[in-house]
Structures are given as structure tokens and as C-alpha cells.
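**Student:** Generate coordinates for the sequence data below:
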Amino acid sequence: MNQMEVMLNWFVWTSSLGFALYSFISDSKYLIELIDAKDVTKGWLLDGPQDVSDYEWNAIRHTFRQHFIHIIIYLVLTQLFIKYKIKMEVMLNWFVWTSSLGFALYSFISDSKYLIELIDAKDVTKGWLLDGPQDVDKQKCNISQVLGKQRYFRRLELNETQLFLFEVCMAWLNAKCLSLSIDRIRSQIHRTFYFTQLIQCVAYCLYLPAFFTGPIHQYNTFISDMNTLEWKWTSNRVMEVMKQLLRFTFWSFVFELMLHLVFSQSIQFYPELTQMLSVWSLCGLGFALPLMFFVKYFIIYGSVATIAAIDGFRMPVPPKCISRIHSCVYLWRTFDRGLHLWLTNYFYKPIIGTQWNPMRKVFAGFVCFLCICLWHGMDRAVVVWTSLNFFGVSAEIIAKSIHSSNHWSFVTSNLSSEGNTRLNALIACPFFAIAYASNIFFLSNWDVGYYFVKTLLLSFPTPLLPTLLVMYFGCHVSIHCMRSETTT
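**Tutor:** Residues are numbered from 1 along each chain as shown. I've put the predicted structure just below:
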């Protein structure tokens, strides 16, 4: 594709996103006066308002600031352990995050029977059966009710931040237990059971950097890294760690700045306010919600990966920018890499087995999205979100199968390389629009998601056709980025 057409694609896509975001920011200035005071407070940017409704970010930021000194102590001690070759089983995180980890450990010990059963599972089916009901139970009601710890919580006088962290870490713990169970079965370690193996499992489950925030990291990878740890600090490694720390510190500042300008998180709680937005502003909201979500998890997962790298452990890479990804398959593969690998290794590949045909892939994808739906709560908005994503992923699987057929080869053989790219972008743009719409359901609620779809995607000819046209240029940008990655 010639350079002029590439520049046109980038210009139309980026300028459309920029204008939509600008329109939303401009309109939201008048809407924040109608928002509850608890969702917006006085910020540090020119004493203007700041969106404080993102409870997840507030909890993690508060905990990080409160326990910053503990993190430093943790990193120093782990490096001393590695340097002087102290047994890594000692690293059970007993010296870290004292105020927040205590109640999590209490619950972990209370559920030790469940963990030991998973460790001692003799086959993969039992591992799934033990893990599955736990996942369903955690979604039926509040996690504290599942574990029956309400009285204990009141006795400890835990605040909302601690309760939130507890619920999140138990969800991560549930996923890790399945990982260690199946990995042990596959490697035949389950045939013997020693106390040191239990210690390794506990060390994996309670590894601090990823304990409260994720991402999911697999048991075999963790144990492999633990067994090969060595004191190896070179100037290049020091520079790389410093670069990554500065990188995610910078983006943390950018995210805080965005909270003073983009009020998508608070406005999405008020469906009646979204109906007051213009079409461009509504598109801006549809872009702002996944953008803020991406930046937040880019910071969280990137910071965790950096801290783990200091220890010598490998963590899944942080997500890639969602504004240049049009493929549902590619989005799920790269946004939460840890979740993708977890689903692939423990659900997708076992279901497919040796039958890598389209229908088997679609069925395996259905099971994976059912698991995701259970994981996130299975309310109406989550069901719509997972259903639309399953539809998008399945469509790509079937399209890839058709693309490799002789009939499609006849079509593509009569087109130039540029013509094939334009055809692929044209076919993909409706699915790109559906993928964006699905994220609105997940990142807001049913009412906002339904209004978004009704206004933008079910209104013909406008604004549906202009929206699809912009999405067409966005598909070109995404295809260009993906091809650039494969050639570098």
C-alpha cells in the first residue's frame, strides 16, 4: 500500500478519535455538576474536578502508597536471599504487606483443605471439578458470604479497600490453584507429595507482586524461574529496570492527569446523562472507557512485571493499546496475556486435542468465554459482552477457514496486495464496531451499552454508515500495525 494511503488511514482514524474524545471532554464539563459528589472531588490540576469513581484504581493506588516502604523492604530482602543463595522456599512473603496480607492469609489457611485437594488431585478432570464450583460460587454472591467470614470481617474492622483487595486476590488465588493442580498432574509430580511441594505451592499462590493485582502467571513457569534464580546484576539490567520503573511512573502520572479531564468512569454510572451527549460525544465516551481501562491495566500489569523482573520471575507482558487493534482474537490474545495463556493451556487446547478444525475451535472458544462470563459475575451486561466477543472470535475463526479455501483463493488471486488489504478491512469493520460496542457493556452497564448500540449501530443511514467508514480506516491502521510487528 502506497505511503499516501497509509497516511490517510492514520489521519482519518486518529483525528476521528481525537475529535470524539475532545467532544466528550467538552460536553462532560457541563454534566459533572449533575454527578454525585462522592464520584468527583477537587483535584490538583488548577483546582479543577477529578474523577474518583474508579474504585479499583483508588484501592490499588492507596495500598501502594500506604505500603511503599514494605515493597522496598521486600525487594531488598529477596535480593539478599538470592545473593547469598538462601533457599527460595523461605520466601513465603511473611515479611511483606503486613496490614493487608494478614486477613488474606487467614482466608487462605481456612481454605487450605481446598488447596490441598487441588494439589493432590490425580487427574485433570478432578482439578476442573474442584475448581469449577469454586468459580461459580464466587460469582453467585459476595465472596465474603461464600467464605462465611462476615463476622470475622467486622471483628477486624476491615475497610472497603481491604475488602475489595480480599475479593480480588481470592479470585486470582482460585485461578492459580487450578494452574498448579493441572501443571502438577501433567508433569507427574502429583504421584508424590512432600512438604516442600506444599511450600512451593504456597509460595506460588502468595507471590506478592501479583497477589492482589494479577496477572495470572502459570505454576510451571514460576517454579522454573524459582529454581534458576541467580544474582546477576549487570549495567544493562540496571538500566532496563530503571527505564521500566520510570516508564510506568510516567504513565501513572498521565492516568492521574486523564482523571482530571476524562470523566467517563463517573458518567457511565448515570445512564440518563449519556442520553444528553451528542453523537460525537457518545463516540468519545465509547473510546474513553476502553482507553482508560487499557491505561490502568498497562500501569498495573507493567508495574507488577517490572517488580517481578527484579526478583527474577517472568510475568505476562502488559496489554497493547486497544485503539490499534481491530481483531477480536488478537485483542484477547494481547490485552490480558496471562488470562489468555491460562485459558489456552487449561481449557482451549485440552478441548481441541488433536482436532484443530473450525468447529472444534468454536466450541473450545465457547467454553473459554463461558469461563470468562462466570469469572466476571455473569450479570446481563457481562453476558452480552462475552456473547458478542464469542461471536466476533468465532466469525474470525470461520473467516480464516474460508480464507484458506480454494474459492476464496480464486477471489484473492484476482486482486492486488492493496486490494486484498482493502477487502479485509471492509469485511472486518462491522466486527470492529461490534467489538467496541461489546466493551461498552462490560465497562459500564446494560443501560449505557444498549443506548450506545441503539444510537450508533441501529440507526440507518446515519450515524451507522459514517461510524463504519471511520472503523474501516481504523481497520487499515490495525492491519498496518500488525504487519509492522511481524516484520520487526
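**Student:** could you pull out the strands for the chain?
**Tutor:** 40-42, 49-51 (DSSP state E).
**Student:** What is the last one packed up against?
**Tutor:** Looking back up the chat, that one is strand 49-51. When contacts are defined as 3 or more CB pairs under 8 Å, 6 or more residues apart in numbering; DSSP states H and E, strand 49-51 packs onto strand 40-42, helix 264-267. In this view, the C-beta of every residue, glycine as well, is placed from N, C-alpha and C.
**Student:** what is the mean pLDDT for the first one?
**Tutor:** Pointing back at strand 40-42 there. Strand 40-42 shows a mean pLDDT of 87.
**Student:** Could you list the low-pLDDT ranges of this protein?
**Tutor:** The chain contains residues with pLDDT under 70 at 1, 85-159, 190-191, 193, 488.
**Student:** rewinding a little: next, format the strands of the chain as TSV and append mean neighbour count and distance to residue 211.
**Tutor:** Shown next, in TSV, are those (neighbours: other CB atoms under 10 Å; distance: least, CB to CB, whole Å):
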stretch	mean neighbour count	distance to residue 211
strand 40-42	14	29
strand 49-51	21	27
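**Student:** would you list the ones you listed in JSON lines and tack on distance to residue 280?
**Tutor:** Putting those into JSON lines (distance: least, CB to CB, whole Å) gives the following:
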{"stretch": "strand 40-42", "distance to residue 280": "23"}
{"stretch": "strand 49-51", "distance to residue 280": "20"}
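**Student:** Among the ones you listed, which comes closest to residue 454?
**Tutor:** Residue 454 lies closest to strand 49-51 among the strands of the chain, at 25.7 Å (CB to CB).
**Student:** Strand partners (parallel or antiparallel) of the closest one?
**Tutor:** Partner strands and pairing direction for strand 49-51 (DSSP bridges) are strand 40-42 (antiparallel).
**Student:** can you list contacts of the strand it pairs with?
**Tutor:** Applying CB atoms under 8 Å, 6 or more residues apart in numbering, the set of residues contacting strand 40-42 from outside is 32, 48-53, 263, 266.
**Student:** biggest separation within these, which pair?
**Tutor:** Among the contacts of strand 40-42, 48 and 53 lie farthest apart (CB to CB), at 15.8 Å.
**Student:** between these two, who's got more neighbours?
**Tutor:** residue 53 (21 against 13; other CB atoms under 10 Å).
**Student:** For the more buried one, give me phi and psi.
**Tutor:** phi -90, psi -10 (degrees, to the nearest 10).
**Student:** How about the contacts made by it?
**Tutor:** Shown in contact with residue 53 (CB under 8 Å, 6+ apart): 38-40, 265-266, 269.
**Student:** In TSV, list these along with distance to residue 353.
**Tutor:** Shown next, in TSV, are the contacts of residue 53 (distance: CB to CB, whole Å):
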residue	distance to residue 353
38	51
39	49
40	52
265	42
266	47
269	45
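**Student:** from those, which is closest to residue 320?
**Tutor:** Among the contacts of residue 53, and counting by CB to CB, the member closest to residue 320 is residue 265, at 21.5 Å.
**Student:** quick one: the residue of the chain most remote from its centre and residue 404, what's the gap?
**Tutor:** Within the chain, residue 414 marks the point farthest from the mean C-alpha position, 40.7 Å out by CA atoms, centre = their mean. Computed as CB to CB, to the nearest Å, the residue 414 to residue 404 distance reads 17 Å.
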